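Visitor: A structural model of the following input is requested.
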Amino acid sequence: MRLLPNPRRLVSITPVALCLFAYVSPILAQGKPVGREKKEEQVATIRVDTELVSVDVTVTDSTGKRNAAALRAEDFVIYEDGVRQKISNFSTTDIPFNLVLVIDTSGSTRDEVGLMRRAARRFLNELRPKDRVAVIEFNEKVELLEDLTSDRTKIEKAIGLLQPGSGTSFYDALQLTIDEVLKKVDGRKAVVALTDGVDSYGFYTFGQVMPEIEKAGASFYFLEIETEAFTEERMMRDCSDDKHFRFSRKQLKKYYQEYAEGVDLSQIEDHCRLSKLERMQINRRLYQSARAELRQIADKTGGRVYPVKQLQELEPAYAQIAAELRTQYSIGYYPTNEKHDGKWRELRIEVKRPDWVAHTKPGYRAPQD
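Guide: Here you go, the predicted structure:
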């Protein structure tokens, strides 16, 4: 097992010559590239020296519950900054992918860890034999229980190690996911995180982790569990009650920075000195902020957020994510805008067939000379 390294010991992020990552398959069209001749690549990245832009696309019906299969290149239209592009390469994405299961076992979920273990094991049954899975658990601590492997025995053993704890080092868990897993592999990558998203401990913040998420080359999916009412009830309890919850200093700092401009952060009050009304307001604002951040991460990476009102809903949500990952298309094009200006390029993909909707990353950053 690996613990999250001391932040002061983390290796600094070095520049990489990538203008966009995408967890895509080798770019093929009926087995052969279309348009410009290009050596087939085994890793799915957008490199400065190729200029080919490749993106993964999931197609669902208008409800988002049914995935489209057997589509062809002519069923898609792709736009960059509003300008239609010529599709050069097209394929279904059928090669194995690298998946990181990130599981929140903090105080708000501790009573349901057994159910979470069962749902995660069922999720493994939805994956293909060659898909590789890593398992990360987080509460106040963050641990890599198993690195990427296709050995189902090792993965199930790691899931069995899940144990409840207190505190939530959510953004430390995402940073560990990037540093210890995603940066070490190429090809198709996805993260499936089970959490309420309310961060309370650790070194990293949303603002620090988000730029690294955008560069990680993975789609982030969130099973957003509903814990607000449970947490609020515990927050209202007297501090002498051994079952009470209290805000961490990190949470109070986040709240005052976002919702109370001009407050002297050095004068942040201890949780137990707050009135019940103040505790209620702070808790609701923190959940509001967490939900917005989860959606921003999912939108930027081409993933999705699946609200889970009760943990009994985990299995169908996991199954839906697995189905989405299995039924994807890879689309490649050479952009008509050949400038290397480092600017953000917006992407839009349409499906010509009625009642079907394409889901993908909203854009990428062009290389810069």
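Visitor: how close does Thr63 get to Ala69?
Guide: 16 Å (CB to CB, to the nearest Å). (C-beta placed from N, C-alpha, C; glycine too.)
Visitor: strands along the stretch 1-150 of the chain, start to end?
Guide: 2-3, 18-21, 45-47, 53-61, 76-80, 83-85, 87-92, 98-104, 132-138, 142-149 (DSSP state E, counting those that start in this stretch).
Visitor: helices and strands around the longest one, which ones?
Guide: The contact analysis (3 or more CB pairs under 8 Å, 6 or more residues apart in numbering; DSSP states H and E) places strand 53-61 against strand 18-21, strand 328-333, strand 344-351, strand 356-359.
Visitor: flag every buried residue along that strand.
Guide: Residues Val53, Ser54, Val55, Asp56, Val57, Thr58, Val59, Thr60 are the ones in strand 53-61 that count as buried (16 or more other CB atoms under 10 Å).
Visitor: next one: the second one, what pLDDT does it get?
Guide: Read it as Ser54. Each residue has a pLDDT score; the one for Ser54 is 80.
Visitor: nearest spatial neighbour of it, skipping sequence neighbours?
Guide: Computed as CB to CB, 6 or more residues apart in numbering, the closest residue to Ser54 that is not its neighbour in sequence is Gly332, at 4.3 Å.
Visitor: please tell me I have it right and the one you found contacts Gln85.
Guide: No: counting by CB atoms under 8 Å, Gly332 does not reach Gln85; the two are 9.8 Å apart.
Visitor: so for these two, which sits in the more crowded spot?
Guide: Higher neighbour count among Gly332 and Gln85: Gly332, with 27 against 20, using other CB atoms under 10 Å.
Visitor: report the beta-bridge partners for the more buried one.
Guide: Beta bridges link Gly332 to Ser54, Asn89, judged by DSSP bridges.
Visitor: for it, give me its contacts.
Guide: Counting by CB atoms under 8 Å, 6 or more residues apart in numbering, Gly332 makes contact with Ile27, Leu52, Val53, Ser54, Val55, Ile87, Ser88, Asn89, Phe90.
Visitor: the fourth one touches Phe90, doesn't it?
Guide: Just to be clear, that refers to Ser54. No: look at Ser54 against Phe90 with CB under 8 Å: they stay out of range, at 10.2 Å.
Visitor: what do the two both touch?
Guide: Joint contacts of Ser54 and Phe90 (CB under 8 Å, 6+ apart) are Ser330, Ile331, Gly332.
Visitor: the first one and Phe206, how far apart?
Guide: In this structure, Ser330 and Phe206 are 30 Å apart, going by CB to CB.
Visitor: so which of those two has more stuff around it?
Guide: Between Ser330 and Phe206, Ser330 has the larger neighbour count (other CB under 10 Å), namely 25 against 20.
Visitor: ok, that one to Thr58 distance?
Guide: Where Thr58 is concerned, Ser330 sits at a distance of 11 Å (CB to CB).
Visitor: pick the most deeply packed of the helices and strands packed on strand 53-61.
Guide: Across those, averaging neighbours per residue (mean count of other CB atoms under 10 Å) puts strand 328-333 on top, at a mean of 25.
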